[in-house]
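> give the three-dimensional model of this entry:
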Amino acid sequence: MLGAIQNLLADWLGFIPEEATASRSHSPQSIRWVAYHLERRDSGVQPYSQRECDLLDLWAAVLESCGWWWPCENVCVIAERATAVANLRRGQLHCDHGPVIRFRDGFSLWYLHDVPVPWWLVELPEGEIDPRWLVTISNLLLDLGDRRMRPYLKMLNPSIGTWHVEGVTPSCTTVLEALAWRNGTDQPPAKLT
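I've put the predicted structure just below:
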């Protein structure tokens, strides 16, 4: 029986296309790929072999019964399904009132506009957030539509009261580094805006 399962898994992994395995983990995001092929199969648009049909049905069953999973040569790591998942907003992970995903053991992930953020940025009222905490956030990258991720610093211009986004050197990985590069000094500004 174990040999049959190993053979099935080997066939299955060979069946999964690159776009569905980019992260080397299989997650609820794989549902799009499976649903696409199930629809094509069930509508008769594209013929599938019996083996491919069996593999699609197997993958659909796995996605309905667990969360993320990582199949390896001799072991498969499987996570429980999440207990809460926020709706996507324009195709982005976003929830401005709690985590986008929460598991039974308390592990959670917070995202704003597809950017991972610390829990306090979403959960705490604005008045309880210490501005010094903001320099610990490391994600500054923006994609301006040309498929290149570049670091930018969003800040409030105190002299005219307008928000603006300013490009910084690609070596910046934190807000503190971006501020130091922009200001030409390692000394933090007197006021974080």
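> please make it C-alpha for all contacts and neighbour counts, starting now.
Noted.
> right, and residue 180 touches residue 174 too?
No. Assessed by Cα atoms under 8 Å, residue 180 is found out of contact with residue 174, at 9.9 Å.
> quick one: mean pLDDT for the helix or strand where residue 122 lies?
Here residue 122, judged by DSSP states H and E, is contained in helix 119-123. Helix 119-123 shows a mean pLDDT of 91.
> what sits up against it?
With Cα atoms under 8 Å, 6 or more residues apart in numbering as the test, helix 119-123 has contacts from 95, 96, 97, 98, 99, 109, 110, 129.
> quick check: mean pLDDT of the longest strand along the chain?
If you go by DSSP state E, the chain has its longest strand at strand 149-157. Mean pLDDT, strand 149-157: 76.
> for this protein, which segments count as strands?
Using DSSP E, the strands of the chain run over 69-71, 76-78, 84-85, 101-102, 108-112, 115-117, 141-143, 149-157, 162-167.
> save these as JSON lines, and put in distance to residue 59 and mean neighbour count too.
Converted to JSON lines, those look like this (distance: least, Cα to Cα, whole Å; neighbours: other Cα atoms under 10 Å):
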{"stretch": "strand 69-71", "distance to residue 59": "11", "mean neighbour count": "16"}
{"stretch": "strand 76-78", "distance to residue 59": "13", "mean neighbour count": "11"}
{"stretch": "strand 84-85", "distance to residue 59": "21", "mean neighbour count": "15"}
{"stretch": "strand 101-102", "distance to residue 59": "22", "mean neighbour count": "19"}
{"stretch": "strand 108-112", "distance to residue 59": "25", "mean neighbour count": "20"}
{"stretch": "strand 115-117", "distance to residue 59": "28", "mean neighbour count": "16"}
{"stretch": "strand 141-143", "distance to residue 59": "32", "mean neighbour count": "14"}
{"stretch": "strand 149-157", "distance to residue 59": "33", "mean neighbour count": "16"}
{"stretch": "strand 162-167", "distance to residue 59": "43", "mean neighbour count": "12"}
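> could you tell me the least trusted of those?
Here the lowest mean pLDDT among the strands of the chain goes to strand 141-143, at a mean of 64.
> any regions of the chain where pLDDT drops low?
1-30, 88-91, 135, 138-148, 188-193 (pLDDT under 70).
> in it, which spans are helices?
Using DSSP state H, the helices of the chain run over 2-15, 31-43, 50-65, 119-123, 175-183.
> list the buried residues of the second one.
If you call a residue buried by 16 or more other Cα atoms under 10 Å, then helix 31-43 has these buried ones: 31, 34, 37, 38, 41.
> and these, which is closest to residue 158?
Checking the buried residues of helix 31-43 against residue 158 by Cα to Cα gives residue 31 as the nearest, at 46.3 Å.
> around the residue nearest to the closest one when sequence neighbours are not counted, count how many other residues there are.
What sits nearest to residue 31 in space, not counting adjacent residues and going by Cα to Cα, 6 or more residues apart in numbering, is residue 63, at 7.0 Å. By other Cα atoms under 10 Å, the residues close to residue 63 number 20.
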